[in-house]
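J.: Task: produce atomic coordinates for the following.
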Amino acid sequence: MSDLKNEMLKIKVKGYFDNGDLKVDSTITVLVKYHIDKARHNIETGSLLMEASKDIEKIKSAKRLDEKYVNRMWATKSKRNTAQYKADSVIAQKDAERIYKNAIDFVDTIESLIRGLK
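T.: Model prediction:
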């Protein structure tokens, strides 16, 4: 962000505080570091997933990865997003165990393929 935009943003936020639209709440401010750390973690995870998705597409296009693993991965990713971001969503123990076993199978398969590429 440019210095000018940054200064304009500071002035705008200060105005919200001056008008009473924003207040510092010490019960909430203690959570700020946690949320920033979580956001950084999510950004790093997203970066890794983007890198992995390129590799997954290479493997898939080479016909060395069975279609079921790709489908399982996307289905599991969808369920994880639902469980993580929707407060009213719960994943059954049975589903969680199946997802866990599928993940182990997937990682074992990928590891085997990587060893085969060397």
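J.: Against Val30, how distant is Ala52?
T.: The gap separating Ala52 from Val30 is 34 Å, by C-beta to C-beta, to the nearest Å. (C-beta placed from N, C-alpha, C; glycine too.)
J.: An error on my part: the question was meant for Gly15.
T.: Going from Gly15 to Val30 by C-beta to C-beta gives 25 Å.
J.: Only the buried residues of the helix or strand bottoming out on mean pLDDT in the chain, if you could.
T.: Least confident element among the helices and strands of the chain, by mean pLDDT, DSSP states H and E: helix 67-85 (a mean of 76). Buried residues in helix 67-85, counted by 16 or more other C-beta atoms under 10 Å: Tyr69, Arg72, Met73, Thr76.
J.: residue contacts, the last one?
T.: Spelled out, it's Thr76. Applying C-beta atoms under 8 Å, 6 or more residues apart in numbering, we find Thr76 in contact with Ile99, Asn102, Ala103.
J.: ok now the helix or strand harbouring the first one, how far from the chain's centre?
T.: Using DSSP states H and E, Ile99 sits within helix 93-117. The chain centroid and the centroid of helix 93-117 are separated by 19 Å, computed with C-alpha atoms, centre = their mean, to the nearest Å.
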